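In: Give me a model of this one.
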Amino acid sequence: MPANGPFLGQFRDAVIRNDFIQCLGGSCLTTTDIKFTYSFENFFHPYVGELVEQLNRKSLAGLLDPDFLQALTDDFFEKSYQERVSDVVGITSRPKEIDLSEAGPYSCYNWELLFHVPLTIAVHLSKNRRFAEARRWFHYIFDPTSTDTSQPVPQRFWKFLAFRNAGHSNPIDVRLQVLSKPLEECTADELQLKQSIITGYEAIKNHPFAPHMVARTRIVAYQYNVVMKYLDNLIAWGDDLFAQDTVESILEATQLYVLAANLLGRKPQPLPRSGVDRPTTYFELRNKGLDELSNALIDLENKFPLSLGSPTVQDDNPDAAQALFGIGRTLYFCIPRNEKMLGYWDTVADRLFKIRNCMNIQGVVRQLALFDPPLDPGLLVKAAAAGIDIGAVVNGLNEPVSPVRALQMIAQARDLCAELRNLGGALLSAIEKGDAEALAQLRSRHEIQIQQMQQEVRFLQWANTQESTKSLLVNRKSALERLHYYQRLLGSPADPNAPDQLELNFGGLDLTEENFAEAYHALVGQYDKPLTLQQLPNLALAGDTAPTVVSGYSGNGHVFLSHNEDVELNVHLPIARDTTLLSAAAHSVASTLTPIPDPKVNLHFWGLGGTIDLKVGTVLSTVARLAGDILGITAGWEQNQAAMASRYASYERRADEWMLQHNLAAHELMQIGRQILTSLIAEQIARHDYLTVKQQIVCAQEIDQTLRDKFSNADLYSWMQGELSRLYYEYYRFTCDTARRAEQLMKRELFRPEVTATDYIKFNYWDGGRKGLLCAEALYLDIKRMETAYHDNNKREYELIRHVSLRQLAPAALISLKTTGSCEVTIPEWVFDLDAPGHYMRRIRSVGLSIPCVNGPYTSLNCTLTLTKSSIRTVPSTDGDYPRQGSNDSRFVDYYGAAQSIVTSNGQNDRGLFDTSGSDGRLLPFEGAGVESRWTLQLPSDYRQFDYATISDAVLHIQYTARDGGQPLRDAASANLDDVVADSASGLALLFSLKRDFPSEWSAFVNSANDFKVAIPRTHFPYLTASKDITIAGFELFLLVGTDAAHQSVGSAAELNTASESLKDNDVFTFSAEADDQKLPRVATADPWLIVRYTLG
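Out: This next block holds a predicted model:
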């Protein structure tokens, strides 16, 4: 097979035809009656290189691009392998692709890489309020904003291939009905669906706490999970923006809520019950047939009529639809509601309703500022330099005011920082212990490795000693063979102490310190036995003859010759030498005589006769050679005599040598015995060393396993490092956020320029390279500096109380309260300038409400007082003009949206609290808001517990603090007061009840036909008008009828001037009005009210 990829061949199934089964009894077996199917799975990942390359080239978005992943496919099996076409064997294979199947070898890896990892990161980011980043990760899986028209809906929204190619999923009710349907009535698709449902339910029963086991059988569960997580991110993101309660953030939140609503679609409507059936027992249901989910289908018959009309038949069209009488089937047990899914519709609808009805996220109606509060660019620069998300900083500035005081928040930040220090210490300890455990495990592994190497060395040493013993046995055989050899040469019998085979009975003996002496003596008696030695005879020498004396040998010393060696050397060999020289001389002479010519004499005459050859040279050389040969024979004889003497001497020497070698072999055998004894002891030493190292390895492995298996192992500390690092960073962020909230609260509470200009909490405490260690210490120092700055700048201010009467300030609002039960009143700054001009930084400490009225002794007066807007003059400068110059005047700070409310119980300076001391550390209601404010009063409108018409006034008791702005501000405030009271829009007014304040005049008007006329003296005006000229600016007449108040402006300009002149000259003026059935009826029970608006000159 080609080497382009391994395969896992599985014998999947063998399909046997019925005819084969039927002929088993008749022994008719053919190969064509059975079919084998082989399925080849790719047991490798074919596109690792392409994925890495795509990640490097196009980053994460390119890696998770579905078009790129879809294009990674290749039908290589058919190209690389030749399939045998046969009716017996069937082959199935898979192409090279990004495998996302249920049982693929690398399917789990692809699911983890392409689905689970992005989803986990997205959910983690969403939980940490990094919603935009979470949405980016969600869009790698599910992108409802996709505009890719190359894919149909809804495939274009799924970026994960398994979801894009999943197809349509059947609803749960269809699945349950298919499950309850009999097998014989099911189609092939229904049978497949039924088997899938049963497999999933079996997974639930076998693995009830493993949701992924179930989800793998029904991929739509993962799709639901992704969409629900996506909705959670959208809603949490929208809630985070909605809670900031600014126009821009609410508009952005609206878009998110609308997107969530579009994803959800129309909310499912609850359906009525399909019919009614009598209660059924379990026995009856079981007899009807329960499905795998213990549910059953029941027949409704005529209890659920689909049509009550009579069936009709049309002759011209027998196939036309006819009325169907009621025959239906339904599940006995209903499908439970998915409360989590339905909760999404409710949540999104709730948020959109509140936004569209000008409510905040708590459902309180309020008015928002047109623009967000200005941002500090320097703060944003510092945050960006420290790597802090700018959006998080901006969101922190727009967070609602904390309900506790700054000092308590500082204390909380300090406590959190102390806990952060402890957590940092725990992290450092975990790092140290983790490093120590890792070092201990590393040391243990290295010791095991070294000991395993030593074990090999000790084993080889043991084997070496065993081989040494065997080598000694071989050497003993060699020495024993020599001993036997020389014993045979010497004719000696075999020694019984030198056996041919030596038994080594030492294998099972374990030498110890206790038994060594006994074992040693036994070994000595066995391997160190004495052997019989040969006695060498005495050697008879020829005397101390020097070599210079004998045979002409030159040299020093003695040769210690035996008798035969002396005869050879000094008798026969000298004669042989001399005769050899004479023989050589004779042969030389013969060679000299050979050149002498041999003359020839020819005796021919006239061609006839003979030849005479004279052998002169030949004869002479022959004679000389004969003499040399005779001398050579003599020399050879002498040589033989010398050889015989030498041979006999050598035999003597040989016998001595044999006896010597016999004795040497015997001694060698005895020495080898001792060496064997030593080798056996060394073998025991090596064996003990080997067993010792082996046991050391076992002990070291037990130690290493204990280091790994113990609870406080390196894995625990590694896990602790990861978890503590995550918790440490989250706790650090939480502590920093709390400290910054405390800083903002301190700056808001103190409102000191020197405090506002100082940044106490920085952005650079965390050092990622050092895992953030010591960040708590630096943060703790800054918190202590902030706490010290708080105490240094928490200076006492003026404490004042102002009673604001609606009857004097806003009489129209009082009339609205009396009629409708609610009103809105604005308290301008000049009201407080009447008490103490030149003050600034007027901030509310607490507010009480009094509503004088007629109610029963145990009747509660529950009025909701809500602050909807407030402003504070923060600087004493006037910038040339005292009044506020537009909404962007930097001298003022506005608070919108943060609606605060109290509910009164008795209506007598009621502050809506049980404990008004504020000792619990929480801010009192409305504390810190500006006294220049707008308020809403709300009484119950549906069920009134007393007659609201009896309300005579509503008084706000405002306790506030202020700072002295100096004489310039005081002069500017006084000048502004003169302008305000002279303006008709100032709101100066008197409120009179014509019926109660002027009973005589009212009675005369009712009982006569005259107009209503009353004289109003100057004494009805406040005392502050005593030294001022009063100008009547207008009359307003209100007729209270139930919950309505008919309004009419009366009095012409001439009448107003006349009244002003009369008041100036006579300290009294006259008000008159004609009778009017709609505005001023002559009815004793009517309740008309008069508002007299005036200005001061």
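In: any idea how far Ser870 is from the closest residue to Asp239 other than its chain neighbours?
Out: Leaving aside its chain neighbours, Asp239 sits nearest to Ile361 (6.7 Å; criterion: Cβ to Cβ, 6 or more residues apart in numbering). Glycine gets a C-beta too; all of them are placed from N, C-alpha and C. Remark: distance between Ile361 and Ser870 (Cβ to Cβ, to the nearest Å) = 20 Å.
In: quick one: which of those two has more around it?
Out: Between Ile361 and Ser870, counted using other Cβ atoms under 10 Å, Ser870 has the larger neighbour count: 24 against 20.
In: Doesn't that one lie inside a strand?
Out: Yes. Judged by DSSP: H, G, I helix; E, B strand; the rest coil, Ser870 forms part of a strand.
In: So what's the residue count around Ile1016?
Out: Counted with other Cβ under 10 Å, Ile1016 comes out at 21.
In: Same question for Arg356.
Out: Neighbours of Arg356 (other Cβ under 10 Å): 9.
In: pLDDT wise, what is Leu569 at?
Out: pLDDT, Leu569: 79.
In: Pretty sure it sits against Ile575.
Out: No. Using Cβ atoms under 8 Å, Leu569 makes no contact with Ile575, being 11.7 Å away.
In: quick one, which of those two is more surrounded?
Out: Ranked by neighbour count (other Cβ under 10 Å), Leu569 and Ile575 place Leu569 first, with 22 against 16.
In: any idea how far the more buried one lies from Asp578?
Out: 14 Å.
In: ok, now Met359?
Out: 154 Å.
In: show me the contacts for Gly632.
Out: Thr579, Thr580, Ser583 (Cβ atoms under 8 Å, 6 or more residues apart in numbering).
In: The last one touches Arg625, doesn't it?
Out: In other words, Ser583. No. Here Ser583 lies out of contact with Arg625, judged by Cβ under 8 Å, at a distance of 9.8 Å.
In: Those two: which is more packed in?
Out: Ser583 (21 against 18).
In: Check which residues of the helix or strand where the more buried one lies are buried.
Out: Take DSSP states H and E as the rule and Ser583 turns out to sit in helix 573-593. Residues Leu573, Ile575, Ala576, Thr579, Thr580, Leu582, Ser583, Ala586, His587, Val589, Ala590, Leu593 are the ones in helix 573-593 that count as buried (16 or more other Cβ atoms under 10 Å).
In: Just give the closest residue to the fourth one, not the sequence neighbours.
Out: Okay, so that is Thr579. Ala635 (3.8 Å).
In: Now do the contacts for Lys229.
Out: Lys229 touches Leu119, Ala122, Val123, Ser126, Phe138, counting by Cβ under 8 Å, 6+ apart.
In: Reformat those residues as CSV; add neighbour count and secondary structure.
Out: Shown next, in CSV, are the contacts of Lys229 (neighbours: other Cβ atoms under 10 Å; DSSP: H, G, I helix; E, B strand; the rest coil):
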residue, neighbour count, secondary structure
Leu119, 21, helix
Ala122, 26, helix
Val123, 17, helix
Ser126, 22, helix
Phe138, 26, helix
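In: Of these, which is the nearest to Leu193?
Out: Leu119 (26.8 Å; Cβ to Cβ).
In: pretty sure that closest one contacts Ile141?
Out: Yes. Under the criterion of Cβ under 8 Å, Leu119 makes contact with Ile141 at 6.1 Å.
In: any residues in contact with both of the two?
Out: In contact with both Leu119 and Ile141: Val226, using Cβ under 8 Å, 6+ apart.
In: Shouldn't Leu416 be within a strand?
Out: No. Using three-state DSSP, the assignment for Leu416 is helix, not a strand.
In: Now do the contacts for it.
Out: Taking Cβ under 8 Å, 6+ apart as the test, what Leu416 contacts is Tyr731, Phe734, Thr735, Thr738, Ala739.
In: neighbour-wise, which of these leads?
Out: Counting by other Cβ under 10 Å, top hit in those: Thr735 with 28 neighbours.
In: so what's that residue up against?
Out: Thr735 neighbours (Cβ under 8 Å, 6+ apart): Ala413, Leu416, Cys417, Leu420, Ala776, Leu779.
In: Now do the same for the closest residue to Pro828 other than its chain neighbours: its pLDDT.
Out: Closest residue in space to Pro828, ignoring its immediate chain neighbours: Glu932 at 6.3 Å, by Cβ to Cβ, 6+ apart. Glu932 is assigned 93 on the pLDDT scale.
In: Can you report phi and psi for Glu932?
Out: phi -80, psi 100 (degrees, to the nearest 10).
In: can you give me the helices for the stretch 201-350 of the chain?
Out: 211-215, 220-244, 247-264, 282-288, 339-356 (DSSP state H, counting those that start in this stretch).
In: Quick one: mean pLDDT over the shortest one.
Out: Confidence for helix 211-215, expressed as mean pLDDT, is 76.
In: Please apply the same query to stretch 496-512.
Out: Rounded mean pLDDT across stretch 496-512 is 64.
In: and the gap between Leu231 and Tyr344?
Out: From Leu231 to Tyr344 the distance is 5 Å (Cβ to Cβ).
In: Gln441 is in contact with Asp704, correct?
Out: Yes. Asp704 is within contact range of Gln441, at 6.9 Å (criterion: Cβ under 8 Å).
In: if we can go back for a sec, which two of the contacts of Lys229 have the greatest separation?
Out: Longest span within the contacts of Lys229, Cβ to Cβ: Leu119 and Ser126, 10.5 Å.
In: Determine the longest helix present in this protein.
Out: Longest among the helix segments of the chain by residue count, using DSSP state H, is helix 616-709.
In: Let me see the ranges of the helices in the stretch 801-950 of the chain.
Out: Going by DSSP H, counting those that start in this stretch, the stretch 801-950 of the chain shows helices at 806-809, 811-820, 830-833.
In: Looking at those, which is nearest to Val854?
Out: Per Cβ to Cβ, nearest to Val854 of the helices of the stretch 801-950 of the chain: helix 811-820, 12.1 Å.
In: Quick check: which helices or strands does the closest one pack against?
Out: Counting by 3 or more Cβ pairs under 8 Å, 6 or more residues apart in numbering; DSSP states H and E, the packing neighbours recorded for helix 811-820 are helix 806-809, strand 822-827, strand 989-993, strand 1030-1041, strand 1044-1050, strand 1088-1096.
In: quick check: mean pLDDT across the fifth one?
Out: Just to be clear, that refers to strand 1044-1050. Rounded mean pLDDT across strand 1044-1050 is 75.
In: again, but for the last one
Out: The average pLDDT within strand 1088-1096 is 89.
In: other SSEs contacting it?
Out: helix 811-820, strand 989-993, strand 1030-1041.
In: okay if I get these as JSON lines plus mean neighbour count, distance to Arg164 and mean pLDDT?
Out: Formatted as JSON lines, the helices and strands packed on strand 1088-1096 follow (neighbours: other Cβ atoms under 10 Å; distance: least, Cβ to Cβ, whole Å; pLDDT from 0 to 100):
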{"stretch": "helix 811-820", "mean neighbour count": "22", "distance to Arg164": "59", "mean pLDDT": "90"}
{"stretch": "strand 989-993", "mean neighbour count": "19", "distance to Arg164": "72", "mean pLDDT": "89"}
{"stretch": "strand 1030-1041", "mean neighbour count": "20", "distance to Arg164": "68", "mean pLDDT": "86"}
